[in-house]
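S.K.: Fold the following and give me the result.
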Amino acid sequence: MESYLNENFGDVKPKNSSEETLQRWRKLCWIVKNRKRRFRFTANLSKRFEAEAIRRSNQEKFRVAVLVSQAALQFINGLNLSSDYDAPEDVKAAGFQICADELGSIVEGRDVKKLKIHGGVENIAAMLSTSIINGIPTSEHIINERKRIYGINKFTETPARGFWVFVWEALQDTTLMILAICAFVSLAVGITVEGWPKGAYDGLGIVLSILLVVFVTATSDYKQSLQFRDLDKEKKKIMVQVTRDGLRQKVSIFDLLPGDLVHLAIGDQVPADGLFISGFSVLINESCLTGECEPVNVNAANPFLLSGTKVQDGSCKMLITTVGMRTQWGKLMATLSEGGDDETPLQVKLNGVATIIGKIGLYFAIVTFAVLVQGLFSRKIQEGTHWIWSGDDAMEMLEFFAIAVTIIVVAVPEGLPLAVTLSLAFAMKKMMKDKALVRHLAACETMGSSTNICSDKTGTLTSNHMTVVKTCICEEIKEVSSSNKSYNFRSAVPESAVKILLQSIFNNTGGEVVNSKENKIEILGTPTETALLEFALLLGGDFQAERQASTIVKVEPFNSAKKRMGVVIELPEGGFRVHSKGASEIILAACDKVIDSNGDVVPLDERSTNHLKNIIELFASEALRTLCLAYMDIGTEFSVDSALPLKGYTCIGIVGIKDPVRPGVKESVAICRSAGITVRMVTGDNINTAKAIAREIGILTDNGIAIEGPEFREKSEEELHELIPKMQVMARSSPMDKHTLVKHLRTTFGEVVAVTGDGTNDAPALHEADIGLAMGIAGTEVAKESADVIILDDNFSTIVTVAKWGRSVYINIQKFVQFQLTVNVVALIVNFSSACLTGNAPLTAVQLLWVNMIMDTLGALALATEPPNNDLMKRLPVGRKGNFISNVMWRNILGQSIYQFVIIWYLQTRGKAAFHLDGPDSELILNTLIFNSFVFCQVFNEISSRDMEKINVLRGILKNHVFVAVLSCTIIFQIVIVEFLGTFASTCPLTLQQWFASVFLGFLGMPIAAALKLIPVGSN
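M.R.: Coordinates of the predicted model:
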């Protein structure tokens, strides 16, 4: 079976599967009882094609707009343009001078001419009653007026489906429809032949069973849909920095309004359409809207920013002009949201299993029906009544047909693929509480098979609460601690050196010191930037005064490839100065001068270079992050288009930043090792810092190798093949090094790889990995969008929790499949063999529908929602090539099926004698005993299925409230069916002895299951 599944249903990957692959497996599933239900949690390919058409349309529209705006620029400059635009009266009455449609046409059409007619960005801001310095006023009345005139920043979503929609979808089941027809025919014939109410019992029994199945199924599906809806809301939560009433604050993108001032940095998503106000080196990736990969340079000449695009480089302040469904992104997202998630490999495999068993079931149903009908014909021929047909004969034929249809109901395990989504929905909801947001369904199950985790250091293995604790200024090491000693620190350093240090920190930064909503000083930026700004404030620096003293001319933001950032400022006394900071060895290598202990600039000789290198190593060996700061005066002329110099700098100093290891990380790494998961550290930090921390938390062992990115890049394919299995730490790595490592692990070594990332440049590695894990706090929107799971607390221990939940999902589905296949096999063989050998089926249509519900919806609820336990992390991972239906499962399925079949067959052939049954009701009592024993076999088999390999299956059973509730409901309802619903279910009340016997026969399945687990089998 496994080879058939791999050949026909194994092409679907955890992510990035082609449309052809997704189409192919759907065509192979031709035995489907209910298409709406079976394919509910799969991708809507038609909606995806629609979204792609919108993208192509946008691409052409924007290409034309660019050409038109370029042509318009040549004619506009120097012309005196006047506007005859007049805002509608309701817009004017609300206090604005421009309507939403006019604003939308300017940005979406990239209409330079119209922008100039309206007086440029500043005048547009005035027309929106906002200030490009202080933002919009926040009085409730004005905010409400803005919403009324311009709308809100939300796109139209498909309305939530109510409970009755799921009831209607559950009724679409073809086999249930056929059974419903049988029931109505049975009612008509029965009432005609036997009268009311006796003739209606059989038909009403089937109708009630169908309604019970439908309502239980719909309730389960409805609750599942609510869980997914809650998770979807969490996925869409994005916070942005805005200025309102002159104060910086974080707001949800859904609360943005036209007139808002939004601050964007590298990796951010543009939250709505708008116009560039100010910024540096802004490159925008518009591929999500247009399909074009080439980034667009956004500046005062080309100020148009479109919602949904990404900031690839630089930072800027923008004015929001258009929101929600008025933007192209809003229209695209409304379509894309209906496209759904890709189906998971496990879902597809289980669809394959359902298809195989469905084919077998269809064959068995046809043969069973043929055998039963042939038995009826033979009997009538023997009696000589084959030309005389009565209403009873018609009812018998109808019952045979109903049994055949019900065999198909039981045989096609429609619940198998849906059990995956049930288990995933349960796991994803629980994982949210454990600080992990799953963006793609497949990630949850793939994480359970992961064999490698490539983790960042900063913020993931460490706490991300950074402080400057040591510095080397003017070639002397100084410790930084409380504010009382900051005065001593400053007095010990020449004033000229302090002045240049403060100028460097306050100007060459991606962070800011602002007034918050509570009117307190707040430091914004990455933890590294925050640590440096805190240090500068501790020295008595004034951020705003320093920024106003000089003019920033050009900014080259930090990125992981260059490992440095730089800024050019125009000095108040004239001339330009470059400040640079970054990886210590890289910046130090660019320096040829240094500030000495007297505050003088002196040449950087070999002795000083070695002294500074030793200090870098000393700081790094103490697990400190080291940064080097440098500057360079470049005369009186500088062009914004010129690149920043790479050599000739003066070293200001080196700072050592402490970032302590997160609590619990060492234990989590040890858990991963015992679970067969290799953890590797991939960091941009200094190799000595990386090694010190890797040793502390147990990643770097005595036999492990630590290597630097530049050295890794130089290795040949053969050398990499030998190096990678032993490599535990990669320092000074670039994003492409991480991508190369992940690719080799996946393709050359066949590993299932999880990768963490937080920066924009990590997107290729996150995309390449089997599971991309983005950081929720430190991660950029670009990284989060490329990821499969967002670690909301940036903690490595949470990654281990995700792996544990992933394994739990995988094993829970295996348990459910084992349980369901056992019921399938026994129900099919019992009815088929009985029909062939005795001419009748012991289990009626109503009874089979009840059994189907036990094994389908109720079984999935009980077994697919089992929470994880710590033992899961003591077994080896499944990896990429593990069989889903393992030898262990086949052993349990076959052993349990044989036992159950022997019991049912014994009762059929020897039951009357064993229980001393005689009289007119003996056949009915025997069939009730068979039905009762069969159901209790499933009840105890469900308990045995809680663990496929361990004998003790009762451990922790009372903690799983869902399991206990399902089991209790099954037993209670079984008693009700047997004792009180006999007229509908073809049963009769049993004696206490008969109850004990049938429960005992079911219970015997548990020791049988325990004995089976002692039989050794291979893993595959």
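
S.K.: Can you give me the domain boundaries for the protein?
M.R.: Following the TED database, one finds the domains of the chain at 1-51, 81-154+254-326, 163-227+359-427+803-1014, 437-462+662-794, 467-658.

S.K.: Buried deepest among those domains, which one?
M.R.: Highest mean neighbour count of those: domain 437-462+662-794, a mean of 21 (counted as mean count of other CB atoms under 10 Å). (Glycine included, C-beta is placed from N, CA and C.)

S.K.: picking up where we left off before, switch the domains of the chain over to TSV; also include mean pLDDT.
M.R.: Putting these into TSV (pLDDT from 0 to 100) gives the following:
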stretch	mean pLDDT
domain 1-51	66
domain 81-154+254-326	87
domain 163-227+359-427+803-1014	83
domain 437-462+662-794	87
domain 467-658	87
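
S.K.: Please, where are all the helices along the stretch 51-200 of the chain?
M.R.: In the stretch 51-200 of the chain, the segments counted as helices under DSSP state H, counting those that start in this stretch are 89-93, 100-108, 112-117, 120-127, 140-150, 163-170, 174-194.

S.K.: Columns distance to Val468 on top of those, output as CSV?
M.R.: Shown next, in CSV, are the helices of the stretch 51-200 of the chain (distance: least, CB to CB, whole Å):
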stretch, distance to Val468
helix 89-93, 52
helix 100-108, 42
helix 112-117, 45
helix 120-127, 38
helix 140-150, 41
helix 163-170, 58
helix 174-194, 69
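
S.K.: if we can go back for a sec, compare the domains of the chain and give me the one nearest Gly246.
M.R.: In terms of CB to CB, the element of those nearest to Gly246 is domain 81-154+254-326, at 3.9 Å.

S.K.: just how off-centre is that closest one within its chain?
M.R.: Distance, stretch centre to chain centre, for domain 81-154+254-326: 31 Å (CA atoms, centre = their mean, to the nearest Å).

S.K.: same thing with stretch 515-529?
M.R.: 30 Å.

S.K.: Quick one: end-to-end length of that stretch, please.
M.R.: With CA to CA, to the nearest Å as the measure, stretch 515-529 spans 17 Å from end to end.

S.K.: Give the helix, strand or coil label for the residue lying closest to Cys316 once chain neighbours are set aside.
M.R.: Spatial nearest neighbour of Cys316, excluding adjacent residues (CB to CB, 6 or more residues apart in numbering): Gly279 at 2.5 Å. Under the three-state scheme (DSSP: H, G, I helix; E, B strand; the rest coil), Gly279 adopts strand.

S.K.: OK, contacts around Gly279?
M.R.: Leu264, Val298, Asn299, Gly314, Ser315, Cys316, Lys317 (CB atoms under 8 Å, 6 or more residues apart in numbering).

S.K.: Which single one of the residues you listed is nearest to Arg248?
M.R.: When those are compared against Arg248 (criterion: CB to CB), the nearest one is Lys317, at 11.1 Å.

S.K.: ok, the closest residue to the closest one other than its chain neighbours to Ser315 distance?
M.R.: Nearest residue to Lys317, sequence neighbours excluded (CB to CB, 6+ apart): Ile277, at 4.6 Å. According to CB to CB, to the nearest Å, Ile277 stands 12 Å off from Ser315.

S.K.: closest to Leu538 out of the helices of the stretch 51-200 of the chain?
M.R.: Nearest to Leu538 among those is helix 120-127; the distance by CB to CB comes to 37.0 Å.

S.K.: who touches the closest one?
M.R.: For helix 120-127, contacts defined as CB under 8 Å, 6+ apart pick out 87, 96-98, 103, 106, 115, 118-119, 131-132, 259, 275-277, 303, 319, 321.

S.K.: and if you look at stretch 490-510?
M.R.: Residues from elsewhere that reach stretch 490-510 (CB under 8 Å, 6+ apart): 265-266, 315, 473-474, 478, 525-526, 529, 532-533, 535-536, 539-541, 543, 546-547, 550, 552, 557-558, 565-567, 569, 577, 579-581, 595, 597-599, 629-631, 652-653.

S.K.: got it, and stretch 558-567?
M.R.: Around stretch 558-567, the neighbours that count as contacts under CB under 8 Å, 6+ apart are 266, 313, 507-508, 510, 552, 554-557, 578-583, 586-587, 644, 684, 732, 734-736, 759-762.

S.K.: any idea how far Glu570 is from Phe576?
M.R.: 6 Å.

S.K.: Overlap of the contact sets of the two?
M.R.: Contact criterion CB under 8 Å, 6+ apart; residues shared by Phe576 and Glu570: Val553.

S.K.: which ones are touching the residue nearest the centre of the chain?
M.R.: By CA atoms, centre = their mean, the chain has its centre lying nearest to Arg439, at 2.1 Å. Going by CB under 8 Å, 6+ apart, Arg439 touches Lys235, Lys784, Ala787, Asp788, Val789, Ile790.

S.K.: looking at this, the last one is in a strand?
M.R.: Yes. With three-state DSSP as the criterion, Ile790 is assigned to a strand.

S.K.: What residues are bridge-paired with it?
M.R.: Leu437, Ala774 (DSSP bridges).

S.K.: okay but it is in contact with Lys435, surely?
M.R.: No. Here Ile790 does not reach Lys435: they are 9.4 Å apart, not a contact under CB atoms under 8 Å.

S.K.: Other residues contacting the helix or strand hosting Glu719?
M.R.: If you go by DSSP states H and E, Glu719 is part of helix 717-723. Residues outside helix 717-723 that contact it (CB under 8 Å, 6+ apart) are Ile705, Ile707, Phe712, Lys715, His744, Thr748.

S.K.: I'd like the next helix or strand past that helix.
M.R.: Scanning forward in sequence from helix 717-723 by DSSP H and E, the next helix or strand is strand 727-731.

S.K.: tell me how far that following strand is from the chain's mean position?
M.R.: Centre-to-centre, strand 727-731 and its host chain are 27 Å apart (CA atoms, centre = their mean).

S.K.: Output the contacting helices and strands for it.
M.R.: With contacts taken as 3 or more CB pairs under 8 Å, 6 or more residues apart in numbering; DSSP states H and E, strand 727-731 sits against strand 678-682, helix 687-697, strand 705-708, helix 709-713, helix 735-747.

S.K.: Pipe the ones you listed into a markdown table and attach distance to Ala965 per row.
M.R.: Formatted as a markdown table, the helices and strands packed on strand 727-731 follow (distance: least, CB to CB, whole Å):
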| stretch | distance to Ala965 |
| --- | --- |
| strand 678-682 | 39 |
| helix 687-697 | 42 |
| strand 705-708 | 52 |
| helix 709-713 | 54 |
| helix 735-747 | 42 |
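
S.K.: Specify the stretch among the ones you listed that is closest to Val348.
M.R.: For Val348, the closest of the helices and strands packed on strand 727-731 is helix 735-747, at 19.9 Å, according to CB to CB.

S.K.: Could you list the residues in contact with that closest one?
M.R.: Applying CB under 8 Å, 6+ apart, the contact partners of helix 735-747 are 452, 454, 560-561, 680, 682, 709, 712-713, 720, 724, 727, 730, 751-753, 755, 757, 759, 761-762, 764-765, 768-770.
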